[in-house]
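**Q** sequence first, then the predicted structure, then my questions.
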Amino acid sequence: MADASPELSSVEAGVPGEDGQPPVPVDQPVTTAFAVGWQVGSIYRDASFDAQRKAGGEELPDFAALSALERTKLRVDLIEAGLTGLQASPAVRGIDQEPAGAFREVLAAGDQGDLDALRRVVRELHLRLLFALIAADPRLGKGYALGRELADISLAAEDRDSFDRAFGQRVVKVKNWLADLASTLPPHASRAVVLSLRTWEAWAAEPTIDGAPVAWDSRGAGVHDALRRQGELWRELLSGEKQGSDMLDTEHYLRAANALVGGMSSTLWRFLRPLALPLAAAIVLITGGLALLFLTGAIGQVVGAIVAAAGVVGITGAGIRARLGGVATRLQSRLWGAELDFAIAAAILTGPEGWGASIRGVAVPASGAAPRVAANLEVLRDFRDAVDRSHERRVKRRLAPDVEFVAEGQAIEGRDDVAEWVLRPAQRSRIAAEPRRVAAAGPSILVSEFDTGADVWRLQEGRVRRWQAFEDLAQARRAASLQGRA
């Protein structure tokens, strides 16, 4: 098991496009920076001086059979190789020529090494890389930070608290980085990862297995192993080690094709609706022209022929045909790409047995994480109103199952106990009181300010996750800031 640890404070290659489209450019330095970030995050979390190999007889050991110390050394080699590749880019400057020297000095002690000393080396390298890559190109800095954060999310969930932190505030910036780097990452990688990440994020708000809340003492190891495997799939896709289309089987393609037909039909209908009036006018012209042609005299017949011909030209004109053809072609390309994103996201999504999560219904804007402050303010208003009205059912509906309320050093946990506590007269008057001001301290952290203090709220997936009262506003802001960075 990984040791518990604190958190760490252009060359282009053509990748064939879909449906014969031009190759999609992949920014190789960005994917390399991502891979380096992943290894830096991994070595910080998983570094070990345990030299004991798994039993394997006389067979040549594979990666899984290596000792923890050997795997740590291998990650150092991978970091060094990645930095060598980045140095080949003319945009990158300020990276040590021998970045792994300090690592090797610490690792030379073998199984008697100092893990804290190794993590200090990792932390120093992390800061140097972050500054150098951001200065060279913000995309490189984001790529590196993305790899480090995803590694940390995937490897840190040893228990309920660390799992909760893994899918806390950091997920918002990870989704935004994925959106920002979409055009420099391999085809479909960014979108597929953000959809599967969002699926994990939603499940993490109220994790269940076989319909029951996760018992972390007995089932936590399964969640931990599944998340590690999910992280490896994210890494393979974002680093270009494996193309998203290679992860699809026939069933995935069939589902994508069926969804494409439905999407094109509905989209084309929305496109044709504005043409309904011109088409109706053309039909009226044809009908009127035919009536004049068959029911009137010679002059009427001439006029009728002209009118009918005008109607036919209106319906079958080259302009409409060209417009429809062009729209259909663009729709097919774009919708097929979107369906492949979902198909790949579904293919790479993995979780603990019985978790029941699915890509279906998951929506993340292409621009990144949707702003949540307005929605969280509405949730908070609804919760306070339910408390004010002593509406127990509404109160419980807005509370997370593992909610925690803290006041005067007293912690109340669990939906039922918190609901009973907040509906007492003394607590109800405090919770339901109209604050002087509500400020956002993070994507899901709100601070309600009063003349006599402040309350810090944490909300997640439309529910209240935590509340704490403070007599001092400055203290509340510091606590909210710490939670916002967690």
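**A** Nice, thanks for sending it over.
**Q** distance of the residue nearest the centre of the chain from residue 185?
**A** Residue closest to the average C-alpha location in the chain (Cα atoms, centre = their mean): residue 194, at 3.3 Å. Using Cβ to Cβ, to the nearest Å, one obtains 11 Å as the distance from residue 194 to residue 185. Quick note: C-beta positions are derived from backbone N, CA and C, even for glycine.
**Q** what do you get for residue 464?
**A** Distance from residue 464 to residue 185, by Cβ to Cβ: 36 Å.
**Q** need the contact list for the residue nearest to the centre of the chain.
**A** When contacts are counted by Cβ atoms under 8 Å, 6 or more residues apart in numbering, residue 194 touches 175, 178, 179, 364.
**Q** didn't the second one look like it was pressed against residue 195?
**A** The one in question is residue 178. No: look at residue 178 against residue 195 with Cβ atoms under 8 Å: they stay out of range, at 9.8 Å.
**Q** and those two? which has more neighbours close in?
**A** residue 178 (26 against 22; other Cβ atoms under 10 Å).
**Q** the more buried one: what secondary structure?
**A** helix (DSSP: H, G, I helix; E, B strand; the rest coil).
**Q** got the contact list for it?
**A** Listed by Cβ under 8 Å, 6+ apart, the contact set of residue 178 reads 146, 185, 190, 191, 193, 194, 197, 368.
**Q** buried subset of those as a PyMOL selection?
**A** Filtering these down to the buried ones (16 or more other Cβ atoms under 10 Å) takes a single PyMOL command:
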select buried, resi 146+185+190+191+193+194+197+368
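**Q** just put the contacts of residue 178 in CSV and tack on distance to residue 434.
**A** Shown next, in CSV, are those (distance: Cβ to Cβ, whole Å):
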residue, distance to residue 434
146, 41
185, 46
190, 43
191, 42
193, 42
194, 38
197, 37
368, 33
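**Q** the contacts of residue 178 in helices, which ones?
**A** Residues of these located in helices (DSSP state H): 146, 190, 191, 193, 194, 197.
**Q** I'd assumed residue 183 was in contact with the third one.
**A** Right, residue 191. No: counting by Cβ under 8 Å, residue 191 sits too far from residue 183 to count as a contact (11.3 Å).
**Q** residues that sit against both of those two, list them.
**A** Here residue 191 and residue 183 have no joint contacts, going by Cβ under 8 Å, 6+ apart.
**Q** ok, which stretches of the protein are strands?
**A** 12-15, 24-27, 208-209, 212-213, 399-407, 410-413, 437-442, 445-450, 453-460, 463-470 (DSSP state E).
**Q** average pLDDT for the fourth one?
**A** Here strand 212-213 scores 90 as its mean pLDDT.
**Q** ok, residues contacting it?
**A** Residues from elsewhere that reach strand 212-213 (Cβ under 8 Å, 6+ apart): 206, 207, 401, 402.
**Q** and for the residue nearest to residue 441 when sequence neighbours are not counted, the neighbour number?
**A** Closest residue in space to residue 441, ignoring its immediate chain neighbours: residue 480 at 3.6 Å, by Cβ to Cβ, 6 or more residues apart in numbering. Residue 480 is flanked by 24 other residues according to other Cβ under 10 Å.
**Q** the chain should start at 53 in everything you say after this.
**A** Let's use 53 as the start, then, which means that last one is residue 532.
**Q** let me see the contact set for residue 532.
**A** Residue 532 touches 493, 494, 497, 499, 508, counting by Cβ under 8 Å, 6+ apart.
**Q** re earlier: for the strands of the chain, which one sits closest to residue 254?
**A** Residue 254 lies closest to strand 505-512 among the strands of the chain, at 9.7 Å (Cβ to Cβ).
**Q** residues in contact with that closest one?
**A** Looking at what lies outside strand 505-512 - Cβ under 8 Å, 6+ apart - the contacts are 257, 428, 431-432, 452, 482, 487, 493, 496-500, 516-525, 528-529, 531-532, 535.
**Q** and stretch 211-221, by the same measure?
**A** Counting contacts by Cβ under 8 Å, 6+ apart, the residues outside stretch 211-221 that touch it are 204-205, 208-209, 252-253, 256-257, 259, 266, 268, 272, 275-276, 279, 454, 494-497, 535-538.
**Q** now that stretch: how far from the chain's centre is it?
**A** 15 Å (Cα atoms, centre = their mean, to the nearest Å).
**Q** list the buried residues in it.
**A** Of all the residues in stretch 211-221, those buried under the rule 16+ other Cβ under 10 Å are 212, 215, 216, 217, 218, 219, 220, 221.
**Q** got it, and stretch 405-418?
**A** For stretch 405-418, a neighbour-count test (16+ other Cβ under 10 Å) marks 407, 409, 411, 414, 416 as buried.
**Q** which residues sit against it?
**A** 227, 231, 234, 243, 246-248, 250-252, 254-255, 259-263, 274, 278, 394, 397-398, 401, 403, 422.
**Q** buried ones among the residues you listed?
**A** If we count by 16+ other Cβ under 10 Å, those have these buried: 227, 231, 234, 243, 246-248, 250-252, 255, 259, 261, 274, 278, 394, 397-398, 401, 403.
**Q** which ones are touching residue 515?
**A** With contact taken as Cβ under 8 Å, 6+ apart, residue 515 is in contact with 257, 431, 450, 451, 452, 455.
**Q** how about a cut-off of 7 Å?
**A** By Cβ atoms under 7 Å, 6 or more residues apart in numbering, the residues touching residue 515 are 450, 451, 452.
**Q** any idea how far residue 87 lies from residue 172?
**A** Residue 87 is 23 Å from residue 172, where distance means Cβ to Cβ.
**Q** comparing these two, which shows the higher neighbour count?
**A** The residue with more neighbours, out of residue 87 and residue 172, is residue 87; 24 against 13, by other Cβ under 10 Å.
**Q** wait, that one sits on residue 133?
**A** No: assessed by Cβ atoms under 7 Å, residue 87 is found out of contact with residue 133, at 9.2 Å.
**Q** need the pLDDT of the closest residue to residue 490 other than its chain neighbours.
**A** Nearest non-adjacent residue to residue 490, counting by Cβ to Cβ, 6+ apart: residue 500, 5.2 Å away. You'll see residue 500 listed with a pLDDT of 94.
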